[in-house]
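Enquirer: structure here, sequence nowhere to be found:
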């Protein structure tokens, strides 16, 4: 089977160009603009000195996320969720995923009884926005934790290790890393993989869009994903070292 | 590490007792009450002679699902979503999952321009409600397809193969099949696996609740899930043969 | 005028077969599945150790109800209220009625500052669901009161007497007891009567669907209703004695 | 038992002073301000040349009602339903009642495929607003029907007879006609009775607020109500003759 | 250019007949029915012994407003906002404007920690409802302040001076005072001017409906508005002296 | 009186640094990032080949706007409107203003029966976001009109002239141009002025935040605004010439 023409010069196992701009917003305790190809997500981390009811008196903090997309982030304009009066099922699914992914690397005890709220807003969408949100939100969260440390509000960093995410999929019979929108629309199987720096899984979500997939296809995708997350982890560390 | 006492006499690789009651509702084109241990889900399949806008004129039908839980399905009463005025993110996530799982085994062309709507309502919840919903909804969908065939409304069955789902997880360091609520609350990793009769994956969702999980843990969970789905597939076939 | 064929072998003054299954749900403090012919309602009673604002500090408790219908409880599927984002006027009317009916036989002082919340969910609807809900909810409430007594949380039963409800109507010129859906759709006048064991009225709601009704028609309906409620009261007492 | 002092000089079987002002609004096809004591309801009837989906192509029209209360119609200000974002259960119950009451005296065929929409807005509330709404809405509906006749849009009046409503109740052991707010708050039993000019019942809703009521109490209330409706019917006819 | 015929016998710089009826509602602490031509607005002022969160502990009170229109206040019936489930942008804009206008003349310190809530409900709308609301609400607020003074709940009046509002516009090339609905629909420029008794501006909102307007047109409109507000101020003082 | 220190080195009649980046988004028919000091607004213009009901068959198009703010655009995080389930009154007021401003310079006939939808999303807010939205949206609209012209979808530009907006206010007794957030919070009077290139007014909204303002203060503000809009108009023309 021929490779579909959509990827052009990018090898099947290559990430799109990644750009991470820290301190993009002047008010948030942490903020980053992450770009993966044409996908652009603005992630901010806000410290709030209050916590949800189910955590009160627990001595622990909370980490949570919200996700949104500007109406014209996409090829054709989508309806504004605020105007519609509710968030779609897709939006809720994604923001719950981002929240779980970040909590997986946080020591909520060390955070103290406060909330770290991550806002991931997609300025432009060309596939992979939930993964870019997680990878970017980690950096914003890291900067917000540093902000707390600098002010002596916490004694030690509440972050246990890095977390990053990437999408992989089978398009035209071939496993590919970091699908763009055209590939995502054409793929048979699509998988989002969230991993830590030590190669463990935080979450994995794989779905057949067309025909169900085999165990060996899954193994190929997991290998690609592990490589992609390792590269993203290195880019996160570079960005944080800058 | 000791095995936690929660499973009592059930082996770690055993399903809970499964009971499938077809034709539970006298009005729906297909209906089933599925019980897995104390979990009870009433699944109905309704044929509607209309389709959503994005399918009009396509010559294809649509398969979709809705999910709900009676307020006192659970140990402590939950708020009624209709009274609250919206479905939770969890509810939307689950109903989207059920819909995708069923569409994966449907030939939408063969269904014709009509909608098959699956309602999965949890009467009692003791863990694994989304998996039970999928396994039960398949049977209700099958009966609705038979209803269409009997009336000559379609020429051939639109169902390509069976689909079933099971949860697996790591509790106290040990992989276990078909978690009940107590195990689900105590587990480190939780995975829902949706597979077809020929052992392919329709969807897989695994999440670390506590520490991230390793590749070998994932492999152990996938093996357990494959076994569990095979047993459920056999039970579905028995029920349909009755 | 000929009797319309819809009732078949049931005499005009006969209830449909009634079946009451106590302890239907394993978590609720009280629960019952009540069936009247093909109508099936699952009633649960939940004790909540909190009360609404208007009762705080009053030394009294509160009894309230919610009502719902599974989407495919009916001949053709109805829209799910949780998905629509609001309860219909009909639903609100019915749940307010159930709450008033139960409060009429409760001593709120004896209940203490807690809430007894009744959920009446219709699994299958063939007419008379609001009346079945009241008759069933009384038993669930009774079991929840017993639960409080057994645990020593209250000193004496807060229930003053039984309450039950039945529908009556004029179909084809003839007064009939306990209308099913087909009769309800064809009736000229429809009346729901809620009474206590001593033959007093808790609530009566009668409406002309077609031509307004006369005083003598009302008297005939009230006589039928009194007989029907007396039979239901006996069935409640049998069920509670079991 | 002593009569409670709340009624002062009004006999127990007397209506409050009734005032009916036709053509209160200059835009509506029919409009009336009805006052019963301090209760004031502005009723407008609007002709709309469209009908709801369930009536399309039926050759019949539709009559429906909406009900509202100005926030400060009452002793203490109530929340504005438009600001709260939904109509209360009570509001929906009342507007459904008004709609049914008016439809009972309309020949929908004679109305033609159009909607007659009645808006009943309470400017000041001192008890009995739903009954005043029905009595007033009838006059507004009558004027709107006349408007259609004058323009030749219909050939014959779609109104079959008059309809009016009154509340009755037992306060301090005594049956009373046309309760004001203070009586309504203190009553044991409260009944709204909707009747036609020929003394038939359109709808009756009676509820025990305190102890359940007996058959002889019901009979006393029905007699009072029949007298009250007869007086209101005469006042409607006077107003329409003016 | 010819003057359009819509104003008939009213000079271009004349207000419509104004009628102010104080104490229109028997329950509110202050209330007024204000009529400007066919426009009728019922304004009530309610004292609430609580304040919004952002004012708690400030030693200051709060003044706020809500606005509504009866569905048939207008030539053709508008949808009821309570039924629709939300207030329109127009409604919110107007009620925010009324609130700001009234706060501009209130000494919130002198009001004490309580809320003065103004409800402006349009019974009939023939243009200029927001201006009539402000002019009327001032009188209702004044009466509510007097109510507080009489009861010794405040030591001195919290009202610093009067406020009134009028609309002006350019219709057919000519500046006009106090536009009615027909003029408002036909105007090129429309301006609402809110002023105090000493001729200062509280708020001014001018918008070109057709062609943008020049500075000299604005000056002409401001002169007309100042004259109109002065007349309304005199009428307010007359009404309060009565 | 001393000038408050908040403006530092910027003269009272100077705009903040303005930066206009065209073609910021790769999908929209027109898009611009406009920055005024720290305020950043992303404006996109989307062409939709459908129009609202009230324009169907009119031969005219429609221009409308939506406005939003990212939750952490501000010093402290604001609630996400999509999560809250409704747009605030402020948001609706602003988006209606933007829509009117743009329609004032559009020939809707020349646009044809299609909608031009402007989305103004505030990435960072330091005062003046509604004015920046208008000034930026004009450029995005211009590029979308050019897009239509290039494709031959319209025969002539539907844009009649430029429109731009600026805020002015009195802070510490002194009229100032283009207030930032700190000035806006401290000002006595705040005015938004929207003008065309030929110096006419499209809309003016002035409000006293503290004491009402005099006619001479208004004149001073209008003079500053005219100067500011002239400068912004020149910057728009520069950007469009680039």
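Expert: Great, that's in hand. Here the structure is a predicted model, which is why all the values come from computation and not from measurement.

Enquirer: now do the closest residue to chain E within chain A: how many residues are near it, please.
Expert: Residue of chain A nearest chain E, by CB to the nearest CB: residue A:85 (7.8 Å). For every residue, glycine as well, the C-beta is placed using N, CA and C. Neighbourhood size, residue A:85 [other CB atoms under 10 Å in any protein chain shown]: 17.

Enquirer: give me the distance between it and residue E:81.
Expert: 14 Å (CB to CB, to the nearest Å).

Enquirer: ditto for residue A:24
Expert: 40 Å.

Enquirer: does the longest helix anywhere in chain A reach chain B?
Expert: In chain A, taking DSSP state H as the definition, the longest helix is helix A:215-241. Yes. Under the criterion of CB under 8 Å from any CB of the partner chain, chain B is reached by helix A:215-241 at A:215, A:218, A:222.

Enquirer: relative to chain B, which of those is nearest.
Expert: Closest to chain B out of those is residue A:218 (6.4 Å), distances taken as CB to the nearest CB.

Enquirer: how close does the closest one sit to residue B:43?
Expert: Distance from residue A:218 to residue B:43, by CB to CB: 28 Å.

Enquirer: OK, contacts around the closest residue to residue A:128 other than its chain neighbours?
Expert: Spatial nearest neighbour of residue A:128, excluding adjacent residues (CB to CB, 6 or more residues apart in numbering or on different chains): residue A:167 at 4.9 Å. Taking CB atoms under 8 Å, 6 or more residues apart in numbering or on different chains, we find residue A:167 in contact with A:127, A:128, A:131, A:178, A:179, A:184, A:190, A:191, A:192, A:193.

Enquirer: residues touching the second one, list them.
Expert: Applying CB under 8 Å, 6+ apart, one finds that residue A:128 lies in contact with A:36, A:39, A:166, A:167, A:178, A:179, A:180, A:184.

Enquirer: show me those that map onto strands.
Expert: A:36, A:39, A:166, A:167 (DSSP state E).

Enquirer: ok, which stretches of chain A are helices?
Expert: Using DSSP H, helices in chain A cover A:81-84, A:89-103, A:108-111, A:129-150, A:181-186, A:215-241.

Enquirer: want to throw those helices into a markdown table with mean neighbour count and mean pLDDT?
Expert: Below are the helices of chain A laid out as a markdown table (neighbours: other CB atoms under 10 Å in any protein chain shown; pLDDT from 0 to 100):
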| stretch | mean neighbour count | mean pLDDT |
| --- | --- | --- |
| helix A:81-84 | 19 | 94 |
| helix A:89-103 | 21 | 96 |
| helix A:108-111 | 18 | 96 |
| helix A:129-150 | 24 | 98 |
| helix A:181-186 | 16 | 93 |
| helix A:215-241 | 18 | 97 |
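
Enquirer: what distance separates the start and the end of stretch A:75-82?
Expert: End-to-end distance of stretch A:75-82 (CA to CA, to the nearest Å): 20 Å.

Enquirer: find the closest residue to chain D in chain A.
Expert: Nearest residue of chain A to chain D: residue A:85, at 9.5 Å (CB to the nearest CB).

Enquirer: what sits against that residue?
Expert: Shown in contact with residue A:85 (CB under 8 Å, 6+ apart): E:86, F:85, F:86.

Enquirer: which residues of chain A lie near chain B?
Expert: Counting by CB under 8 Å from any CB, chain A sits next to chain B at A:86, A:89-90, A:92-93, A:95-96, A:100, A:104, A:195-196, A:198-208, A:211-215, A:218, A:222.

Enquirer: swap the cut-off to 7 Å and go again
Expert: Chain A has residues A:86, A:89, A:92-93, A:96, A:100, A:104, A:196, A:200-208, A:212-214, A:218 near chain B, with proximity defined as CB under 7 Å from any CB of the partner chain.

Enquirer: what is the burial count for the residue nearest to residue A:109 when sequence neighbours are not counted?
Expert: Spatially, and ignoring its direct neighbours in sequence, residue A:109 is nearest to residue A:60 (5.4 Å; CB to CB, 6+ apart). Neighbour count for residue A:60, taken as other CB under 10 Å: 18.

Enquirer: ok so, going back, nearest to chain B, of the contacts of residue A:85?
Expert: Comparing the contacts of residue A:85 against chain B with CB to the nearest CB places residue F:85 closest, at 7.7 Å.

Enquirer: quick one: the nearest residue to residue A:135 once chain neighbours are set aside and residue A:117, what's the gap?
Expert: Distance criterion CB to CB, 6+ apart; nearest residue to residue A:135, sequence neighbours excluded, is residue A:164 at 4.5 Å. Separation of residue A:164 from residue A:117 (CB to CB): 20 Å.

Enquirer: those two: which has the busier surroundings?
Expert: In terms of neighbours (other CB under 10 Å), residue A:164 is the more surrounded of residue A:164 and residue A:117; the figures are 27 against 24.

Enquirer: on the strand side of things, show who that one bridges to.
Expert: residue A:195 (DSSP bridges).

Enquirer: doesn't residue A:230 make contact with it?
Expert: No. Contact criterion CB atoms under 7 Å: residue A:164 and residue A:230 do not qualify, at 8.7 Å.

Enquirer: what sits in contact with each of those two?
Expert: When CB atoms under 7 Å, 6 or more residues apart in numbering or on different chains defines a contact, no residue borders residue A:164 and residue A:230 alike.

Enquirer: got a pLDDT number for residue A:2?
Expert: Note on residue A:2: pLDDT of 45.

Enquirer: report the central residue of chain A.
Expert: residue A:134 (1.9 Å; CA atoms, centre = their mean).

Enquirer: could you report the neighbour count for the nearest residue to it once chain neighbours are set aside?
Expert: Spatially, and ignoring its direct neighbours in sequence, residue A:134 is nearest to residue A:165 (4.1 Å; CB to CB, 6+ apart). Residues lying near residue A:165 (other CB under 10 Å) number 29.

Enquirer: residue contacts, residue A:165?
Expert: Residue A:165 touches A:101, A:131, A:134, A:135, A:192, A:193, A:194, A:229, counting by CB under 7 Å, 6+ apart.

Enquirer: against chain F, how distant is the fourth one?
Expert: What that stands for is residue A:135. As judged by CB to the nearest CB, to the nearest Å, residue A:135 and chain F stand 19 Å apart.

Enquirer: isn't that residue right up against residue A:162?
Expert: No. Residue A:135 is beyond contact range of residue A:162, at 9.3 Å (criterion: CB under 7 Å).

Enquirer: what touches both of those two?
Expert: residue A:236.

Enquirer: re earlier: give me the pLDDT for the residue of chain A closest to chain D.
Expert: At residue A:85, pLDDT is 91.

Enquirer: hmm, residue A:47 and residue A:144 touching each other?
Expert: Yes. Under the criterion of CB under 7 Å, residue A:144 makes contact with residue A:47 at 5.7 Å.

Enquirer: contact partners for the spatially closest residue to residue A:29 that is not a sequence neighbour?
Expert: Leaving out its chain neighbours, the residue that sits closest to residue A:29 by CB to CB, 6+ apart is residue A:144, at 4.0 Å. Residue A:144 sits next to A:29, A:30, A:45, A:47, A:116 when contact means CB under 7 Å, 6+ apart.

Enquirer: quick check: beta-bridge partners of the last one?
Expert: Same thing as residue A:116. residue A:47, residue A:63.

Enquirer: so it touches residue A:47, yeah?
Expert: Yes. Counting by CB under 7 Å, residue A:116 sits close enough to residue A:47 to count as a contact (6.2 Å).

Enquirer: who's more crowded, those two?
Expert: Using other CB under 10 Å as the criterion, residue A:116 and residue A:47 rank with residue A:116 on top: 27 against 20.

Enquirer: between the helices of chain A, which gets nearest to residue D:149?
Expert: helix A:81-84 (44.4 Å; CB to CB).

Enquirer: which residues touch that closest one?
Expert: Outside helix A:81-84, the residues touching it (CB under 7 Å, 6+ apart) are A:68, A:87, A:88, A:91, F:66, F:68, F:81, F:82, F:87.

Enquirer: now with 6 Å?
Expert: A:87, F:81, F:82, F:87 (CB atoms under 6 Å, 6 or more residues apart in numbering or on different chains).
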